[in-house]
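**Student:** show me the folded form of this:
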Amino acid sequence: MGFETQDVERKIIAILRILRDSPEPLGARVIARSLKSQGFELGGRVVLYHLELMDERGFTRSEDRDGRLITQLGLEELERALVSDKAGFVASRIELLAYQTDFHLGKLSRNLLRKSSLPPWTGKTTTPEQVFHDYTLSTG
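**Tutor:** Reported below is the predicted structural model:
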């Protein structure tokens with residue numbers, strides 16, 4: 001998915017959240033104001049473009065001049081997006097922890113993703129080779 005597509009999808013999800021949280025239909029200007037408070041600088045016409053796109057996908061429906069409501073399909077899309085956000089958060093967290101991971105075989109020191117991923121440190125091992133050997137035996 002290209003950057004522009006991801007950017008459009010993020011805006012659509014933000015609009016769907018706003019519509020989900022509203023008990024009544026919302027117009028493009030009201031949504032634009034709400035988006036601005038979330039850090040999205042979109043004018044009413046741009047929001048209207050996104051709303052029309054969401055109407056075509058079946059995520060929203062027009063309530064004449066009152067504005068738009070989210071549909072069941074829109075709620076399902078929002079739920080899928082939230083799952084993706086959570087998975088993305090977990091993946092980012094793992095990536096950060098992996099970046100912070102190091103193991104100095106020569107110094108016999110470690111800063112690992114999970115300390116439980118290595119056998120308990122007994123203090124008996126004296127050489128890096130023995131540490132590696134003990135580790136490979138314990139992880140089988």
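**Student:** how about the strands in the chain?
**Tutor:** In the chain, strands defined by DSSP state E lie at 60-62, 68-70, 102-104, 109-111, listed in chain order.
**Student:** direction included, what does the first one pair up with?
**Tutor:** Just to be clear, that refers to strand 60-62. Strands that pair with strand 60-62, judged by DSSP bridges, come out as strand 68-70 (antiparallel).
**Student:** which residues does the partner strand contact?
**Tutor:** Defining contact as CB atoms under 8 Å, 6 or more residues apart in numbering, one finds that strand 68-70 is touched by 16, 19-20, 25-27, 51, 54-55, 59-63, 78. The C-beta positions use only the backbone N, C-alpha and C, and glycine is treated the same way.
**Student:** among these, which pair sits farthest apart?
**Tutor:** The span of those, defined through CB to CB, is set by 27 and 78 at 19.6 Å.
**Student:** mark which of the contacts of strand 68-70 are buried, thanks.
**Tutor:** 16, 19, 25-27, 51, 54, 59-60, 78 (16 or more other CB atoms under 10 Å).
**Student:** least confident pick among these?
**Tutor:** Ranked by pLDDT, the buried ones among the contacts of strand 68-70 bottom out at residue 78 (88).
**Student:** contacting residues around that one?
**Tutor:** With CB under 8 Å, 6+ apart as the criterion, the residues that contact residue 78 are 13, 16-17, 20, 70.
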